[in-house]
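Q: requesting a structural model of the entry that follows:
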Amino acid sequence: MIYRSKAPLRIGLAGGGTDVSPYCDLYGGAILNATISLYAYATIEPLNVPEIIIEALDRNESVSYDKSDKLPIDGVLDLATGAYNHIVAKYGPVPTGFKLTTVVDAPAGSGLGSSSTLMVAIIGVFAEWLNLPLGEYDIAQMAYDVERVELAMAGGKQDQYAATFGGVNFMEFYDNNKVVVNPLRIKPEYLYELENNLLLYFTATSRLSSTIIEAQSQNVKDKNKESIDAMHHLKEQAQMMKDAVLKGNIHEIGGILDYGFRYKKQMAKGISNTSMDEIYEAALKAGATGGKISGAGGGGFMMFYCPGNTRYAVKNALGMFGGELRPYNFTERGLVSWSI
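A: Prediction:
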């Protein structure tokens, strides 16, 4: 038997950063995000020998170990080894050696939640192989625990839940790891228009999001008023975006994105830079009414809302910056797994 899983990456439409502790623990966070047709994939092939092989084909990395109940966390493919260690500690040894292969459609540091989505896919394929009794909230929380707590990788909570649940969701985050996922029932024509008008642009750079997120968290701990006020505004932005997409006020979305972009840059240093500001202003000059940096910032993907037929002029304007536009569709399903 071969066991497989895939989980979708996401774009955060509003509220980004308010899912990061300690802000969400102190004030409560809110985010609106949507999964898209870029994925993280995982495959497990049981082996007849007591060996564990882990391959990340998109990164051209591979490691192998003698079968053991605990694999080393050494900076090489730690997401996979961390997930394995957690599952074995909780559910007992796996029955055989195996080969785990992963692929992600976007690079790490792209701002689409690729690392957390990969963690969800890895847990999903282990759950399929071992027939683990895990629901959606269980998988998302386990992915968070392994990545953020056990591996101490800085970041928020939205990515794991988006990848697991899929679709367009308004998410609320509170202390004690309480997360509420509210799926939004949006009329198809509203989503079609949003998908048509929202360009996804890869800046051809990636960044280490942990350094930006750590600075953001430290600002909350230090009671930095400008940073905390900015996060309050971003939480408000999530509610504004929710109302706009549910009521079909699609023409307001560019302005709502721009509102968030201005405040997000106040959360921590490094979220934007001169190059990204130039890209943003060029898009606005070409007809976009707003946009945002995806994820923590500092590089990766940007999004621009282009009403009417301005998407074509914006595409042309972005051509001079050396990045690439990435086609996508919104998706309804989150993590799926199967065997054959």
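Q: in the chain, what helix or strand scores lowest on average pLDDT?
A: Taking mean pLDDT, DSSP states H and E as the measure, helix 209-221 is the helix or strand of the chain with the lowest mean score, a mean of 75.
Q: what's downstream of that helix, the next helix or strand?
A: helix 225-247 (DSSP states H and E).
Q: point out the other helices and strands that that next one packs with.
A: strand 3-14, helix 23-27, strand 29-47, strand 168-173, helix 188-197, helix 209-221, helix 253-264 (3 or more C-beta pairs under 8 Å, 6 or more residues apart in numbering; DSSP states H and E). For glycine as for every other residue, the C-beta is placed from the backbone atoms N, C-alpha and C.
Q: give me the helices and strands touching the first one, please.
A: Okay, so that is strand 3-14. For strand 3-14, the elements it packs on are strand 29-47, helix 114-130, helix 158-165, helix 225-247, helix 253-264, strand 336-339, judged by 3+ C-beta pairs under 8 Å, 6+ apart.
Q: spatially central residue in the protein, please.
A: Closest residue to the average C-alpha location of the chain: Gly113 at 2.1 Å, with C-alpha atoms, centre = their mean.
Q: wait, that one sits on Pro8?
A: No. With contact defined as C-beta atoms under 8 Å, Gly113 does not reach Pro8; the gap is 9.3 Å.
Q: got phi/psi on the closest residue to Asp25 other than its chain neighbours?
A: The shortest distance from Asp25 to any non-neighbouring residue, by C-beta to C-beta, 6 or more residues apart in numbering, is to Asp175 (4.0 Å). For Asp175, the backbone dihedrals are phi -70, psi 170 (criterion: degrees, to the nearest 10).
Q: contacts only, for Ile123.
A: Counting by C-beta atoms under 8 Å, 6 or more residues apart in numbering, Ile123 makes contact with 83, 87, 134, 139, 142-143, 146.
Q: tell me which residues are up against stretch 133-144.
A: The contact list for stretch 133-144 (C-beta under 8 Å, 6+ apart) reads 83, 86, 116, 119-120, 123-124, 127, 157, 160-161, 163-165, 177, 179, 181, 334-335.
Q: how far is it from where the chain is centred?
A: When C-alpha coordinates are averaged (C-alpha atoms, centre = their mean, to the nearest Å), stretch 133-144 and its chain have centres 16 Å apart.
Q: burial measure for the closest residue in space to Ile228 that isn't next to it in sequence, as a count.
A: Once flanking residues are discounted, Ile228 sits nearest to Val220: 6.1 Å by C-beta to C-beta, 6+ apart. Using other C-beta atoms under 10 Å, Val220 has 21 neighbouring residues.
Q: how close does Val220 sit to Asn273?
A: 22 Å (C-beta to C-beta, to the nearest Å).
Q: over to Gln218?
A: 20 Å.
Q: of those two, which one has the most company?
A: A direct count of neighbours by other C-beta under 10 Å for Gln218 and Asn273 places Asn273 higher, at 18 against 13.
Q: let me see the contact set for the nearest residue to Ala30 once chain neighbours are set aside.
A: Among residues not flanking Ala30 along the chain, Ala238 sits closest, at 4.1 Å (C-beta to C-beta, 6+ apart). Applying C-beta under 8 Å, 6+ apart, we find Ala238 in contact with 14-15, 18, 30-32, 170.
Q: farthest-separated two in those?
A: Of all pairs drawn from those, the greatest distance, 12.1 Å, lies between Thr18 and Phe170 (C-beta to C-beta).
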